[in-house]
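J.: Sequence and predicted structure below; questions after.
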Amino acid sequence: MKTASKALSAMTMVKEALEKAHKYQEDYHIFNFINDVDAIKKAAEIDEKIKNDETVGRLAGVPYALKDNFLSPEGGTTASAHILEEFTSPVTSTVVAKLEAEGAIMIGRTNLDAFAHGSSTENSYYGPTKNSKDLERVAGGSSGGSAVAVALDIVPFATGSDTGGSIRQPAAFNGVYGLKPTYGALSRYGVVAMGSSTDCMGFFTRDPEDLDLLMEITAGQDPKDLTTLPDFYGQNHEFDDPIKKIGIIRDFDNDAVDSEVRAALARKVEELRAAGHEIVELDMPALKYALAAYYIIVPAEVASNLSRHDGIRYAFRSADSNTLSELYENTRNEGFMPENKRRIMIGNFVLSSGFYDAYYLKAAKARTLIIDEYNKAFEKCDLILAPVSPNPAFKLGEKVNDPVAMYLEDVMSVPLNLAGLPGLAIPVGETKDGLSLGLQLVGPRRSDQSIIRFAKQMCCDQPHEDHHADLSGVSTVEGGEE
Ligand code: GLN
């Protein structure tokens with residue numbers, strides 16, 4: 001990642017990023033807010049320090065995009081939800097504070113599915129972000145804006161949150177790297193909570209090497225988030241060196257998976273075999289419970305986390321209410337998106353007395369089976385290579401009115417969230433129609449560093465693809481037509 005120096009000013013880098021952000025905004029709808037004024041001010045401060053030979057951080061002047069569910073006072077934090085539209089945060093998330101302490105400069109807040117509920121960015125109150133390869137297709141979600149900002153080379157990195165795939169799936173849909181770290185690696189403090197037992201903060205980059213630096217800077221214990229792990233990046237999971245055995249999940253190899261996704265996996269497996277790796281076929285039957293368990297556990301946590309939005313403490317309050325209960329009802333009715341409401345209802349249902357044992361408790365047991373199954377798998381192999389999602393980017397509007405079809409998008413991404421494992425989406429080429437294809441590398445807890453290094457090795461050992469989008473002619477594209 002290029003950082004500011006006497007030869008390359010922070011101002012040049014930031015201005016270039018802002019220019020690109022504005023240029024692509026109309027077609028792709030990447031940002032909820034572009035941080036023009038403040039970013040320029042910060043760039044000037046860094047350049048001044050460099051001029052005076054003062055020490056600057058490891059990300060000096062590096063422009064980055066922030067998923068709009070990370071709190072910081074700049075530009076408010078909407079989580080792409082109407083209910084937070086006017087909200088200005090009094091706090092700064094730990095991840096943002098750590099990035100900015102090293103000199104990184106936020107140039108914009110990126111679009112997401114409201115409250116990160118979704119797999120396409122279509123559940124955003126502000127409308128969808130478009131795919132970087134095809135304007136008629138979804139960017140993926142929920143961190144669609146961040147993935148596209150990196151894919152279009154506006155910024156070298158962007159933040160994301162991954163509760164059930166929201167970093168890896170949009171990364172795969174846009175041909176960039178997307179890291180969902182081990183649960184507890186990065187602080188959740190100051191990020192709008194979705195499902196607290198699976199929420200993970202992470203990053204999108206075009207270069208796997210950059211992930212190493214970003215993890216070094218941001219991972220670690222935070223007194224403000226008691227689930228954070230101490231000394232995280234200093235204590236990598238020990239592998240027999242070098243990583244040799246790669247697992248593939250037989251249960252994911254079926255007709256529900258797009259043929260080009262299966263072919264991409266088969267190609268990578270052959271490349272790894274040719275490079276001397278042993279391929280271990282895994283039977284993981286408990287993974288078939290993962291999607292159902294996820295869509296019980298996470299809505300239960302969503303219902304609880306979203307109960308704080310009552311029209312009293314936060315931004316939006318419905319105008320025409322005569323009583324307190326009317327105020328709650330109208331505010332929540334007008335402020336949440338349909339998908340938010342669906343999850344609140346499902347969550348309260350599965351937690352309600354009489355249904356708790358049948359749903360929540362059963363899902364919690366399935367979660368334990370899934371954790372056990374991964375533990376057993378990692379006795380047989382070092383890392384697992386799997387698809388991120390059953391298909392490449394789908395068409396805008398194709399699934400948004402069919403919640404079950406949208407949930408099925410997550411069938412391969414949610415299992416490792418339930419188990420708290422790290423997963424890295426890696427770009428592996430394109431379909432015959434030019435859509436991005438991605439796979440994920442999954443490892444044991446605390447193996448994040450090894451996964452990143454393995455990805456680096458995979459990307460550099462093999463013919464390197466140019467993941468930068470070809471942007472020529474973008475300005476001539478109108479209204480989603482090719
Ligand atoms: N698509 C998943 C969902 O809608 C994941 C979302 C996320 O990771 N934030 O729950």
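T.: Nice, thanks for sending it over.
J.: so what pLDDT did residue 253 get?
T.: With respect to pLDDT, residue 253 scores 88.
J.: roughly how far apart are it and residue 301?
T.: As judged by Cβ to Cβ, to the nearest Å, residue 253 and residue 301 stand 31 Å apart. To be clear about C-beta, it is placed using only N, CA and C from the backbone, and glycine gets the same treatment.
J.: Which one's more surrounded, those two?
T.: More crowded of residue 253 and residue 301, by other Cβ atoms under 10 Å: residue 301, with 20 against 14.
J.: Where does the more buried one sit, in terms of helix or strand?
T.: Following DSSP states H and E, one finds residue 301 within helix 290-306.
J.: Of all the residues in the stretch 351-482 of the chain, which one is nearest the ligand?
T.: residue 410 (4.6 Å; Cβ to the nearest ligand atom).
J.: contacting residues around that residue?
T.: Listed by Cβ atoms under 8 Å, 6 or more residues apart in numbering, the contact set of residue 410 reads 119, 164-165, 169, 291, 294, 389.
J.: Give me the residues contacting the helix holding residue 301.
T.: Identification of contacts with helix 290-306 by Cβ under 8 Å, 6+ apart yields 115, 117, 163-164, 193-198, 336, 340, 343-348, 350-351, 359-360, 362-364, 366-367, 370, 407-408, 410-411, 414-415, 417-418.
J.: and residue 166, what element?
T.: Assigned by DSSP H and E, residue 166 falls outside every helix and strand.
J.: how about it, what does it touch?
T.: By Cβ under 8 Å, 6+ apart, the residues touching residue 166 are 112, 116, 119, 141-143, 160.
J.: Please report the distance of it from the ligand.
T.: Going from residue 166 to the ligand by Cβ to the nearest ligand atom, to the nearest Å gives 3 Å.
J.: List phi and psi for that residue.
T.: Phi and psi for residue 166, reported as degrees, to the nearest 10, are phi -70, psi -10.
J.: Give the other helices and strands that the lowest-mean-pLDDT helix or strand in the chain contacts.
T.: Across the helices and strands of the chain, the lowest-confidence element by mean pLDDT, DSSP states H and E is helix 448-461, at a mean of 88. For helix 448-461, the packing partners by 3 or more Cβ pairs under 8 Å, 6 or more residues apart in numbering; DSSP states H and E come out as strand 177-180, helix 208-218, helix 259-274, strand 383-387, strand 423-430, strand 436-442.
J.: 6 Å instead?
T.: helix 208-218, strand 423-430 (3 or more Cβ pairs under 6 Å, 6 or more residues apart in numbering; DSSP states H and E).
J.: OK, contacts around the closest residue to residue 311 other than its chain neighbours?
T.: Ranked by Cβ to Cβ, 6 or more residues apart in numbering and with sequence neighbours excluded, the top spatial neighbour of residue 311 is residue 331, at 3.2 Å. Residue 331 makes contacts with 311, 317-318, as judged by Cβ atoms under 6 Å, 6 or more residues apart in numbering.
J.: still on that earlier bit, among the contacts of residue 166, which pair sits farthest apart?
T.: Greatest spatial distance among the contacts of residue 166 (Cβ to Cβ): 119 and 160, at 13.2 Å.
J.: tally of neighbours for residue 240?
T.: Counted with other Cβ under 10 Å, residues neighbouring residue 240 total 8.
J.: Redo the contacts of residue 410 as a markdown table? Include neighbour count.
T.: Below are the contacts of residue 410 laid out as a markdown table (neighbours: other Cβ atoms under 10 Å):
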| residue | neighbour count |
| --- | --- |
| 119 | 29 |
| 164 | 31 |
| 165 | 32 |
| 169 | 32 |
| 291 | 21 |
| 294 | 27 |
| 389 | 27 |
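J.: Format those as TSV; extra columns: pLDDT.
T.: Output for these, formatted as TSV (pLDDT from 0 to 100):
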residue	pLDDT
119	98
164	98
165	98
169	98
291	98
294	98
389	97
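J.: want to try TSV for those, with distance to residue 219 as columns?
T.: TSV is the format used below for the contacts of residue 410 (distance: Cβ to Cβ, whole Å):
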residue	distance to residue 219
119	26
164	21
165	20
169	22
291	28
294	24
389	26
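J.: one step back: now the least confident helix or strand of the chain against strand 436-442, angle please.
T.: Put simply, helix 448-461 runs at 140 degrees to strand 436-442, going by axes from the mean of the first three to the mean of the last three Cα atoms, to 10 degrees.
J.: quick one: contacts of helix 448-461?
T.: In contact with helix 448-461 (Cβ under 6 Å, 6+ apart) are residues 181-182, 208-209, 211-212, 236, 239, 243, 422, 424, 426, 441, 443.
J.: what bridges to residue 63?
T.: Listed beta-bridge partners, residue 63: residue 105 (assigned using DSSP bridges).
J.: what about it, how many neighbours?
T.: Close neighbours of residue 63, defined as other Cβ under 10 Å, add up to 29.
J.: Against residue 119, how distant is the residue in the stretch 201-350 of the chain that the ligand sits nearest to?
T.: Nearest to the ligand, among the residues of the stretch 201-350 of the chain, is residue 298, at 5.8 Å (Cβ to the nearest ligand atom). For residue 298, the distance to residue 119 (Cβ to Cβ) stands at 13 Å.
J.: and if you look at residue 259?
T.: Applying Cβ to Cβ, the value for residue 259 to residue 119 is 21 Å.
J.: What of residue 6?
T.: As judged by Cβ to Cβ, residue 6 and residue 119 stand 45 Å apart.
J.: Enumerate the residues of this structure near the ligand.
T.: Applying Cβ under 6 Å from any ligand atom, we find that the chain lies next to the ligand at 116-119, 142, 161-166, 194, 298, 410.
J.: which one of those residues is nearest residue 95?
T.: Closest approach to residue 95 among the residues of the chain next to the ligand (Cβ to Cβ): residue 161, at 9.5 Å.
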